[in-house]
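In: Fold the following for me, if possible:
(one chain, ligands or ions: 1)
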Amino acid sequence: MKQTVSRRNFLAAAGTATMAVTAGASLAAESTGTAKNVKILGIACSPRKGMTTAKAVQLALDAAKGVDARIEVELIDLGELSIAGYSPKPPQDDFTAILPKLKDPALGGLIIGSPSYYRGMSSLCKAFIERCAPLREPTMVLADKPLGVVAVGAFRNGGQELTIEQIQAAMLCFGMVVVGGNAPAFQGATVLSTKDDISADTLGLDTAKKLGAHVAEMALRLAAKEA
Ligand SMILES: Cc1cc2nc3c(=O)[nH]c(=O)nc-3n(C[C@H](O)[C@H](O)[C@H](O)COP(=O)(O)O)c2cc1C
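Out: Predicted structure coming up:
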């Protein structure tokens, strides 16, 4: 769904996205009939390439792929990439190659993962989101697409839910539909890393799988409505 942006419909889009979360249960009854492939992109926002955040996002993507043969997934690991925050004159850095993937008409949903850094998102994650400004204007290209968020911390109560909330709040500005709520993934995927290893966190891994599957289900339903 394409929209031009004014201050009024920016606020309306954020409100619609919030309402859509509560409407999730009624969507369950709708048809998922679409012939098109639907792509789910995972964005891992740790500066450490291939580490626990990337692994947790990949797990969510694998679960998304397992939902239906029409689901395609791709992980974009921002680790070791150079991505500056917003600037009126967009810098030529590694974000340039990522932007077309976010504008792909086949994109059905996003899964964004961040390490919990002092109980919030990483600066790399914030920079990535700021650089997504071209996805809001002149058209809201992410509007109505599902968003799942993954957070990994080294402590059980290390701010994973706060980190998720920050990312969800930012992506509501893009009109995305926040996905969560499938127990035990209440807020999103909340993962515990012990010595750079998440494999022992059975509950956390389950939240990542549940979240990925939920994003895929929502993406298919929304694609069917557009077909
Ligand atoms: C600057 C910094 C701040 C951190 N703050 C927290 C924190 O508030 N809570 C927490 O649980 N872990 C914290 N950690 C640990 C990371 O969240 C954890 O190691 C995470 O798994 C790193 O993700 P990665 O393996 O993908 O790099 C912090 C790590 C760094 C480097």
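
In: Residues in contact with stretch 78-95: which ones?
Out: Contacts to stretch 78-95, defined as Cβ atoms under 8 Å, 6 or more residues apart in numbering, come from residues 43-51, 54, 123-128, 130-131, 133. Placement of C-beta: from N, CA and C, glycine included.

In: Any of those buried? List them.
Out: 43-48, 51, 54, 124-128, 131 (16 or more other Cβ atoms under 10 Å).

In: and which of these is nearest I164?
Out: Closest to I164 out of the buried ones among the contacts of stretch 78-95 is C125 (11.1 Å), distances taken as Cβ to Cβ.

In: which residues does the closest residue to that closest one other than its chain neighbours contact?
Out: Once flanking residues are discounted, C125 sits nearest to C45: 3.5 Å by Cβ to Cβ, 6 or more residues apart in numbering. Contacts for C45 were tallied using Cβ under 8 Å, 6+ apart; they are 53, 78, 112-115, 121-122, 124-125, 128.

In: that older thread, taking the buried ones among the contacts of stretch 78-95 one by one, which sit in strands?
Out: Among the buried ones among the contacts of stretch 78-95, DSSP state E puts 43-44 in strands.

In: Out of the buried ones among the contacts of stretch 78-95, which two sit at the greatest distance?
Out: M51 and R131 (21.8 Å).

In: Okay, buried residues for stretch 157-165 please.
Out: For stretch 157-165, by 16+ other Cβ under 10 Å, it's 158-165.

In: in this structure, what spans have low per-residue confidence?
Out: Applying pLDDT under 70 to the chain picks out residues 1-34.

In: For it, give the residue positioned nearest to the ligand.
Out: In the chain, no residue comes nearer to the ligand than G158, which is 1.9 Å away by Cβ to the nearest ligand atom.

In: what's around the closest residue to that residue other than its chain neighbours, how many residues?
Out: Excluding the flanking residues, the one nearest G158 by Cβ to Cβ, 6+ apart is S116, at 5.0 Å. Counted with other Cβ atoms under 10 Å, the neighbours of S116 add up to 25.

In: right, and G153 touches Y118 too?
Out: No - G153 is beyond contact range of Y118, at 10.2 Å (criterion: Cβ atoms under 8 Å).

In: quick one: which of those two has more around it?
Out: Per other Cβ under 10 Å, whichever of G153 and Y118 has more neighbours is G153, with 23 against 10.
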